[in-house]
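fold the following for me, if possible:
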Amino acid sequence: MLRIILLLIVCSIACHDANWGVWSFQPSHTHRAFPTVTHTPAFRLSSTPLPTEPETSLISPSSDDAQRLTADLGLSPSQHLQIVHLCTLICEWNDRINLVSRKDCSPEVVFHRHVLPSLALSSLLEDGNENENGNDNVVDVGTGGGFPGLPLAILHPQTSFLLVDSVNKKLTAIDDMITSLALTNVQTLHTRVEEMATISPTKHKHQYGVVLGRSVTSIPRFCFWIKELLVRKTGRMVYITGGDLEDFVEERCFLTVPVSGEGEEEKRALVINQVNVDWIAGKSGEKSRKVGKEGSKKKRIGVGKSNGGSGGSSRSEKVKGKWDKKDNSVVKDRGYEDFRRY
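Sure, this is the predicted structure:
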C-alpha cells in the first residue's frame, strides 16, 4: 500500500509540472469491514478539470513533459517510445475500425484519455503477495482497442498478458500493433470470456492473478463471467467503471480509485479480491451456459425438438409470440373483386 501512495504522489508532482491537470491522493477516513480484509481504508484519487481548449491544452506524447511523466510512472526511454508509437497506431487503425471514439481521436487525446489511465493501474496489479501457484498472468477482458492491456504490457515486459474480445476485427488491429511494438509478452484470444474456463480449463481455469476490465458490463455479471479465471484466494479483479454501484458491490471493494480523462464521465477503478468476486457473482442471478469442451462443438442452447419416441410429446405446443402458418387457400377480402397482382 505504501508503494501505491508513493507512486501516486510522484504522479501528482509530474502532472502539475506538465500543466495538464493536478492529481491529488487523498485517503478516505471511512473504514469498511470485509470478509477477508479488515480495517482497509478506501483511497481516492481526484483531479482538477483540464483546460477547456481540447487540442492545444493536451500534451503531446512525444513531448519532454510526457516523457518526464512516463519516467515517473516507471517507464524507460525505450518504453516511452513504444507508448508514443502506440498512440499513433491507435489513430491509424481507428480510421478503419472503431477502436476508440472517432469524435476527437488524436495522439494527444489517446495519450491522455486512454494511455495514462491505463498506466495508473500499474500499482493496483501488485499487492505484494505471492500467488499460491506463482501465477501472475494478467487477462484483459473485453479489451476493445487494447486498453488497459497494451500500455500495461509495455510497462511490465516480464508479465504475460492475454487480451480477450468477442469482436475479431478489433483483435486483428491489436495483433498488428503487438507486432509493430515488438511485444513478446502479449497474446490475443477471440472468444466469449464466460466460456474460457469451460472450453479450455487447463489453460484458463484459475490461471490468472489479475483480471482487468473496462466498462464491459454490470459488475455482478462481470464477476460471474470471470470468477473461474482468478487464482484462488490471491487473485483479484481490477475494473474501471462509471456511475453508481450496487451497495453490495461497493461494500466488497478492497480499493476504489477515481480515474478519468478530460471530457469523460467520472470513472473509478475498483479492486475486488477473488473471495469477494465469488460472493458478488453469486448475487448476480446469472446462470452458467452449457458449452462444449475443448476440441468439440458447442452445444446449442434452446428448446429441443421432439423425436416422437417415448418420454416425448408429439403435440406441438403453442409458444407465446409464435407466428401461425399462413393458409393460402383462404381468399383475402380486399374490398373489391377485380384485384389482380402483376
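
show me where the stretch 201-342 of the chain has strands.
Under the criterion DSSP state E, counting those that start in this stretch, strands of the stretch 201-342 of the chain are mapped to 210-214, 236-242, 255-258, 267-273.

what of the stretch 51-200 of the chain?
In the stretch 51-200 of the chain, the strands defined using DSSP E, counting those that start in this stretch lie at 138-141, 161-165, 186-190.

can I get the second one in PDB? Just the C-alpha atoms.
Going back to what we said before, that points to strand 161-165. Output in PDB follows, covering the C-alpha atoms of strand 161-165 (Å, rounded to 0.1, in the frame of the first residue of the first chain):
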ATOM      1  CA  PHE A 161      -0.900 -10.600 -20.800                       C
ATOM      2  CA  LEU A 162      -3.800 -12.100 -22.600                       C
ATOM      3  CA  LEU A 163      -6.200  -9.700 -24.400                       C
ATOM      4  CA  VAL A 164      -9.700 -11.100 -24.900                       C
ATOM      5  CA  ASP A 165     -12.500  -9.800 -27.100                       C
END
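
what is that strand packed up against?
Counting contacts by 3 or more C-beta pairs under 8 Å, 6 or more residues apart in numbering; DSSP states H and E, strand 161-165 packs against strand 138-141, helix 149-155, helix 168-180, strand 186-190. Every C-beta, even on glycine, is put in place using the N, C-alpha and C of the backbone.

what's the closest of those to residue 209?
Residue 209 lies closest to strand 138-141 among the helices and strands packed on strand 161-165, at 6.9 Å (C-beta to C-beta).

residue 88 contacts residue 106, doesn't it?
No: at 10.0 Å, residue 88 and residue 106 do not qualify as touching, with contact defined as C-beta atoms under 8 Å.

what's the neighbour count on residue 84?
20 (other C-beta atoms under 10 Å).

quick one: residues contacting it.
The contact partners of residue 84, taken as C-beta atoms under 8 Å, 6 or more residues apart in numbering, are 61, 62, 66, 107.

between all of those, which two are separated the most?
Farthest apart among these by C-beta to C-beta are 66 and 107. That separation is 9.9 Å.

the two - which one has more neighbours?
residue 66 (26 against 21).

which neighbours do residue 66 and residue 107 share?
60, 84.

on that earlier part again, now mean neighbour count, distance to residue 119 and mean pLDDT too, for the helices and strands packed on strand 161-165, in a markdown table please.
A markdown table is the format used below for the helices and strands packed on strand 161-165 (neighbours: other C-beta atoms under 10 Å; distance: least, C-beta to C-beta, whole Å; pLDDT from 0 to 100):
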| stretch | mean neighbour count | distance to residue 119 | mean pLDDT |
| --- | --- | --- | --- |
| strand 138-141 | 26 | 14 | 98 |
| helix 149-155 | 25 | 5 | 97 |
| helix 168-180 | 17 | 16 | 97 |
| strand 186-190 | 18 | 15 | 97 |
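
I am finished for the moment; much appreciated.
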